[in-house]
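Trainee: okay, here's the prediction I keep looking at, along with the sequence it came from:
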Amino acid sequence: MRDKFHSYIKVLQDTITAKLEEVDGTARFREDLWERPEGGGGRTRVIENGNVFEKGGVNISSVHGELPKSMQAYFGVEDADFFACGLSLVLHPRSPMVPTVHANWRYFEMYDKSGSIADQWFGGGQDLTPYYLFEEDAEHFHAVCKAACDKHDPEFYTLYKKRCDEYFWNGHRNEARGVGGLFFDYCKATEEMGMNDWYNFVTAVGDSFLDSYIPIVLKRKDIDYTADQREWQEIRRGRYVEFNLVHDKGTLFGLKTNGRIESILMSLPPFVQWRYDHREQAGSEEERLLDVLKNPREWV
């Protein structure tokens, strides 16, 4: 399974980066191959200063070795080895009218002292972070997510949409990071879903990503915006940074397993503001967005 999924994410990275370059029209991804001293490595691709994408990354990694002591305590195991591979992407568009997007699809194995697989699971998801709320964009994003889920289980979308709302919650701000999407983790073999079934589900979600996001980009990228709207985007990006550095499990896992720091922090936007005690005008579009972030809603 590990080789099968690693092959899949390599192809998916090529597919996604090619489409993003086409949409941007000017910028190209810089590729950076890296190795992890303890075992494994990855292929980082970063796009910067484009016509559409101010900064973004579409990264794959495949790492293995002894599970760090801190992670052993987290999983409740001793003297365990691990293998993890996945694709992680974040795109920060230049225009505040185009939402930031994040996605990740991953596979994990843990081994006992004999080298046999002691545990294995899939995880992942995709979520949308707008700066200005276009309800039809959120509805489209969620409709694509639901269609990918419904092919495998009619209950998946409701379950994983709820988990996404719960996971991407900036508790110290009492607000969501964005308008959600899907989040699933520890997808293990059961009587109903074997590992091949989970593979088919996770890859279906991965294959749906471009359909969920690109139509939104094409619809919004040429809308005019003001300096004040750009400033609001940078303030909201600050909340994105806060979540990634304080709460995100993927960021913390990378830091605790001696992952490549440049690739891990690729998710951070290039221009950000933290304004002291910033308040939005009553009845403004900015306040309308915040109302949705504080009260997650159903989109489909």
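Mentor: Thanks, I have the structure now.
Trainee: tell me how far stretch 20-27 lies from the chain's centre.
Mentor: 20 Å (Cα atoms, centre = their mean, to the nearest Å).
Trainee: cool, stretch 104-119 as well?
Mentor: Counting by Cα atoms, centre = their mean, stretch 104-119 comes out at 22 Å from the chain centroid.
Trainee: buried residues, it. List them.
Mentor: Residues of stretch 104-119 classed as buried by neighbour count (16 or more other Cβ atoms under 10 Å): 104, 105, 106, 107, 108, 109, 110, 111, 118. Using the backbone N, CA and C atoms, a C-beta is placed for each residue, glycine as well.
Trainee: who's in contact with that stretch?
Mentor: Contact with stretch 104-119 is made by 1-2, 5-6, 9, 12, 67, 75, 77, 79-89, 120-126, 188, 202-203, 205-206, 250, as judged by Cβ atoms under 8 Å, 6 or more residues apart in numbering.
Trainee: residue 103: neighbouring residues, count only.
Mentor: When neighbours are defined as other Cβ atoms under 10 Å, residue 103 has 24 of them.
Trainee: excluding its backbone neighbours, what's nearest it?
Mentor: residue 126 (3.8 Å; Cβ to Cβ, 6 or more residues apart in numbering).
Trainee: need the next SSE after the helix or strand of the chain with the lowest mean pLDDT, C-terminal direction.
Mentor: Across the helices and strands of the chain, mean confidence by mean pLDDT, DSSP states H and E is lowest for helix 69-75: a mean of 77. Remark: after helix 69-75, the chain's next helix or strand is strand 81-93, criterion DSSP states H and E.
Trainee: show me the contacts for residue 103.
Mentor: Contacts of residue 103 by Cβ under 8 Å, 6+ apart are 87, 88, 89, 124, 125, 126, 127, 206, 209.
Trainee: mind doing that once more with 6 Å?
Mentor: 89, 126, 209 (Cβ atoms under 6 Å, 6 or more residues apart in numbering).
Trainee: can you list those in TSV and add distance to residue 170, pLDDT and neighbour count?
Mentor: Listed next are the contacts of residue 103 as TSV, based on distance: Cβ to Cβ, whole Å; pLDDT from 0 to 100; neighbours: other Cβ atoms under 10 Å:
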residue	distance to residue 170	pLDDT	neighbour count
89	21	97	25
126	18	98	25
209	23	98	22
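Trainee: this completes my enquiry, with thanks.
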